[in-house]
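In: Would you be able to build a 3D model of this:
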Amino acid sequence: MHELTFLYELAVIFGVAVLVVLLLGRIGLPSIAGMIVAGVLIGPNGLGLVKELEIVEALAEVGVVLLLVPLGLDSRS
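Out: Reported below is the predicted structural model:
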């Protein structure tokens, strides 16, 4: 049952993130601002759509790694 909770919360995170990034992109704000706003909205202290902090922390660590990879590749050239 834990796998279904993880998949549900992962789908909620990605769905809300895509919507917020697209909406803020139309205003002219960068996508990182949209991801931060989406995280605030769906987190346990916001709307509370994602309740398990372990899942949020694991996805946050993956997100930081994914954001740092392009920076590392850019500094090599």
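
In: for this protein, which spans come out with low pLDDT?
Out: 1-3, 71-77 (pLDDT under 70).

In: can you give me the helices for it?
Out: For the chain, applying DSSP state H gives helices covering 2-27, 31-42, 53-75.

In: TSV for those helices, including mean neighbour count?
Out: (Glycine included, C-beta is placed from N, CA and C.) Converted to TSV, the helices of the chain look like this (neighbours: other CB atoms under 10 Å):
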stretch	mean neighbour count
helix 2-27	14
helix 31-42	16
helix 53-75	11
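
In: In this structure Val12 contacts Gly39, no?
Out: No - between Val12 and Gly39 there is no contact under CB atoms under 8 Å: 11.8 Å.

In: how close does Pro44 sit to Ser31?
Out: 23 Å (CB to CB, to the nearest Å).

In: typed the wrong thing, it's Glu57
Out: Relative to Ser31, and taking CB to CB, Glu57 is found at 22 Å.
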